[in-house]
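K.L.:
Here is my input, please return the structure:
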Amino acid sequence: MSRSNYDGVIEAVRYSPNGQIDMVRVYERRWLVYSDHILLDRATLLERLSQGKSFVTGQRKAYVANVFETGKSVHLSGISNPIITTKDQAGSQDFLANVPVF
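P.N.:
Presented below is the predicted three-dimensional model:
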């Protein structure tokens, strides 16, 4: 079994009224397997991205536990006011492309 190049898959997002990510639903890699979905708030996601962990957007395939249809990679943009985004050039708000809102 090949090892994934990412530490988590973001499946859904919730934005606050000011346009920042409030919470994400994510599957985290635990060595060779993935966790059930867990909820991470913005501060926890920022901390993990700052530590160098890599996240991608995507969905878990039905009836196949460790296989995901992945999309774009998630990265931080900006230093003093970090923006979480999938775009190459971030604006002033967080944005995860093609991720459903819950």
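
K.L.:
Past the helix or strand bottoming out on mean pLDDT in the chain, which element shows up next along the chain?
P.N.:
When the helices and strands of the chain are scored by mean pLDDT, DSSP states H and E, strand 33-34 comes last with a mean of 88. Downstream of strand 33-34, the first helix or strand assigned by DSSP states H and E is strand 38-41.

K.L.:
which other helices and strands contact the helix or strand that residue 26 is a member of?
P.N.:
Assigned by DSSP H and E, residue 26 falls within strand 21-30. In this structure, strand 21-30 makes packing contacts with strand 8-15, strand 38-41, helix 42-50, judged by 3 or more Cβ pairs under 8 Å, 6 or more residues apart in numbering; DSSP states H and E. Yep, even glycine has a C-beta here, placed from its N, CA and C like the rest.

K.L.:
and these as a markdown table, adding mean neighbour count?
P.N.:
Compiled in a markdown table, the helices and strands packed on strand 21-30 are given as follows (neighbours: other Cβ atoms under 10 Å):
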| stretch | mean neighbour count |
| --- | --- |
| strand 8-15 | 20 |
| strand 38-41 | 14 |
| helix 42-50 | 15 |
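
K.L.:
Mind putting the ones you listed into JSON lines with distance to residue 87 and mean pLDDT?
P.N.:
As requested, these are arranged in JSON lines below (distance: least, Cβ to Cβ, whole Å; pLDDT from 0 to 100):
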{"stretch": "strand 8-15", "distance to residue 87": "14", "mean pLDDT": "96"}
{"stretch": "strand 38-41", "distance to residue 87": "20", "mean pLDDT": "97"}
{"stretch": "helix 42-50", "distance to residue 87": "15", "mean pLDDT": "95"}
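
K.L.:
would you list the ones you listed in JSON lines and tack on distance to residue 79?
P.N.:
What follows is the helices and strands packed on strand 21-30, written out as JSON lines (distance: least, Cβ to Cβ, whole Å):
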{"stretch": "strand 8-15", "distance to residue 79": "22"}
{"stretch": "strand 38-41", "distance to residue 79": "21"}
{"stretch": "helix 42-50", "distance to residue 79": "11"}
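
K.L.:
about what we covered before: any idea of the angle the strand holding residue 26 forms with helix 42-50?
P.N.:
Taking axes from the mean of the first three to the mean of the last three Cα atoms, to 10 degrees, one finds strand 21-30 and helix 42-50 inclined to each other by 50 degrees.
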